[in-house]
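K.L.:
need coordinates for the below:
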Amino acid sequence: MQDIVLDMGGKLFAEHAEAAFHSHPKGATEGTASWQRDLWAQVEELGLPLALLSEEHGGFDLPAATAMGLVRLAAAYAIPLPLGETMIANWLLAHAGLPLAEGAATLALGPELEGNRLTGLASRVAYGRHAQTVVLLAGDRLVRTAAGTVADPSRNVAGEPRDTLTFAGEVASTASPVDRQTFRLLGALLRAQGMAGALEAALSMTVDYANSREQFGRPLGKFQAIQQSLAVMATNVAAAGAATEMATELLSDALTDTGTFSTAAMAAKIRTGEAAGIGASIAHQTHGAIGFSQEYRLHPLTRRLWAWRDEWGREAEWCETLGAAVCARGSDGFWPFLTSTGAAA
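P.N.:
Predicted coordinates:
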């Protein structure tokens, strides 16, 4: 089943890769990626937004790492859809006992809940204008609501919608299965998965280019300096993937508040962010001018890497939080904390 789902998702994204590429704005100031309505309909038809759920809730009962592998695959093909957000939204709703999302869903923080009335703004909401369902954390309550009013249609440097939504109305809510930090770290894990997928695709493109592009009578990949740069990039891509998989495997611990998920998710966001900076730089250095051209497929990947580093917490923020947790244990507690997956954050 795991292989079937990943193969099914990979084939679907590959079939729509060309259309997805042309849906992207060609520059950071040239608009927003167009909504892939037909592709999203097929994503829903295959049940991919439910991949994290158990069979009891209509899902595939897959390991979290396999289900979230779909997010990585979508990022590798630069698919502009909120698949990861919808998967996490449904996962939270299922564990909270609320109805699952209708259509595309997204995650948000910000508005205040007074009784059953939600009021206020949520900023930088991924695909807010296209979401039919918004899952919010308001205090200690998980809220399921229809899409808010778009007060400011904005975007990130990759051209993905990042909208400010305003809410004012009655909503359904319940006690949240996660706290605020964990909610943010679920978003951070989505971005880490996305960066891992985009890095893998960028590395593949860069290696192929280095082996096919000739300079001074031989392929670029035969030059030692290029080989060394590619080795550095490959090492960072591997480290980012490993960190993200480790955090994803601990996803169920996000509900038990043991701290293992928080620790791993912070580390994953930090490590993939670092790899994104290094990997994007090497990819563009190796490609030269063609890597920046509007007709080439590298820039949708690297622009997402730059954008996703800043979303759901920057590396500096999570480094500070993780560092404080380590220091609080003192010298005697550092090694057990570092080596044990059971250490609480």
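
K.L.:
note down every partner strand of the one helix or strand in the chain whose mean pLDDT sits lowest and its orientation.
P.N.:
Lowest by mean pLDDT, DSSP states H and E among the helices and strands of the chain is strand 214-215, with a mean of 81. If you go by DSSP bridges, strand 214-215 pairs up with strand 218-219 (antiparallel).

K.L.:
which residues touch the partner strand?
P.N.:
210-213 (C-beta atoms under 8 Å, 6 or more residues apart in numbering). Any C-beta I mention is one placed from the backbone N, CA and C, and that applies to glycine too.

K.L.:
what of stretch 223-236?
P.N.:
Stretch 223-236 is touched from outside by 199, 203, 206-207, 210, 215, 220-221, 274-275, 278-279, 282-283, 285-286, with contacts defined as C-beta under 8 Å, 6+ apart.

K.L.:
just the buried ones from the contacts of strand 218-219?
P.N.:
The neighbour count (16 or more other C-beta atoms under 10 Å) marks residue 210 as buried among the contacts of strand 218-219.

K.L.:
same list (the contacts of strand 218-219) but as TSV, adding pLDDT, secondary structure and distance to residue 150.
P.N.:
Below are those laid out as TSV (pLDDT from 0 to 100; DSSP: H, G, I helix; E, B strand; the rest coil; distance: C-beta to C-beta, whole Å):
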residue	pLDDT	secondary structure	distance to residue 150
210	94	helix	43
211	93	helix	46
212	90	helix	44
213	86	coil	44
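
K.L.:
thought residue 137 was touching residue 183?
P.N.:
Yes. The criterion here is C-beta atoms under 8 Å, and residue 137 meets it with residue 183 at 4.6 Å.

K.L.:
span of stretch 44-55 from start to end?
P.N.:
End-to-end distance for stretch 44-55, by C-alpha to C-alpha, to the nearest Å: 16 Å.

K.L.:
what ranges do the helices span in this structure?
P.N.:
In the chain, the segments counted as helices under DSSP state H are 2-15, 17-23, 37-45, 64-76, 83-96, 180-212, 224-249, 260-287, 298-310, 315-327, 330-339.

K.L.:
rank those helices by pLDDT, which is bottom?
P.N.:
Mean pLDDT is lowest for helix 330-339 out of these, coming in at a mean of 86.

K.L.:
which strands and helices sit next to that helix?
P.N.:
The contact analysis (3 or more C-beta pairs under 8 Å, 6 or more residues apart in numbering; DSSP states H and E) places helix 330-339 against helix 315-327.

K.L.:
packing partners of the helix it packs on?
P.N.:
Using 3+ C-beta pairs under 8 Å, 6+ apart: helix 315-327 touches helix 260-287, helix 330-339.

K.L.:
most tightly packed of those helices?
P.N.:
Among those, helix 260-287 has the highest mean neighbour count (mean count of other C-beta atoms under 10 Å), at a mean of 24.

K.L.:
by how many degrees do that helix and helix 330-339 diverge?
P.N.:
Interaxial angle, helix 260-287 versus helix 330-339 (axes from the mean of the first three to the mean of the last three C-alpha atoms, to 10 degrees): 70 degrees.

K.L.:
and helix 260-287, how far out from the chain's middle?
P.N.:
Distance, stretch centre to chain centre, for helix 260-287: 12 Å (C-alpha atoms, centre = their mean, to the nearest Å).

K.L.:
quick revisit: what's the overlap in contacts for residue 137 and residue 183?
P.N.:
Residues within reach of residue 137 and of residue 183 at once, by C-beta under 8 Å, 6+ apart, are 109, 176.

K.L.:
so who does residue 130 touch?
P.N.:
Neighbouring residues of residue 130 by C-beta under 8 Å, 6+ apart: 35, 82, 104, 161.

K.L.:
ok, and the closest non-adjacent residue to the first one?
P.N.:
Just to be clear, that refers to residue 35. Excluding its sequence neighbours, the residue lying closest to residue 35 (C-beta to C-beta, 6 or more residues apart in numbering) is residue 130, at 5.2 Å.

K.L.:
what's the answer for the second one, then?
P.N.:
By the measure of C-beta to C-beta, 6+ apart, the closest residue to residue 82 outside its immediate chain neighbours is residue 127, 4.1 Å from it.

K.L.:
list the residues that contact that neighbour.
P.N.:
Contact analysis of residue 127 by C-beta under 8 Å, 6+ apart lists 81-82, 85, 104, 106, 160-161, 163.

K.L.:
rerun that using 7 Å as the cut-off
P.N.:
Residues near residue 127 by C-beta atoms under 7 Å, 6 or more residues apart in numbering: 82, 85, 104, 106, 161.

K.L.:
let me know whether the last one touches residue 155 as I believe.
P.N.:
When you say that, I think you mean residue 161. Yes. The pair residue 161 / residue 155 is scored as a contact, 5.8 Å apart, by C-beta atoms under 7 Å.

K.L.:
tell me the one among the contacts of stretch 223-236 nearest to residue 50.
P.N.:
Using C-beta to C-beta, residue 199 comes nearest to residue 50 of the contacts of stretch 223-236, at 26.8 Å.

K.L.:
isn't that closest one up against residue 279?
P.N.:
Yes. The criterion here is C-beta under 7 Å, and residue 199 meets it with residue 279 at 4.9 Å.

K.L.:
overlap in contacts of those two?
P.N.:
Both residue 199 and residue 279 are contacted by 237, 305, under the criterion C-beta under 7 Å, 6+ apart.

K.L.:
residues in contact with stretch 258-274?
P.N.:
Residues outside stretch 258-274 that contact it (C-beta under 7 Å, 6+ apart): 181-182, 185, 188-189, 191-192, 195-196, 239-240, 243-244, 246-247, 250-251, 253-254, 309, 313, 315, 318-319, 321-322, 341-345.
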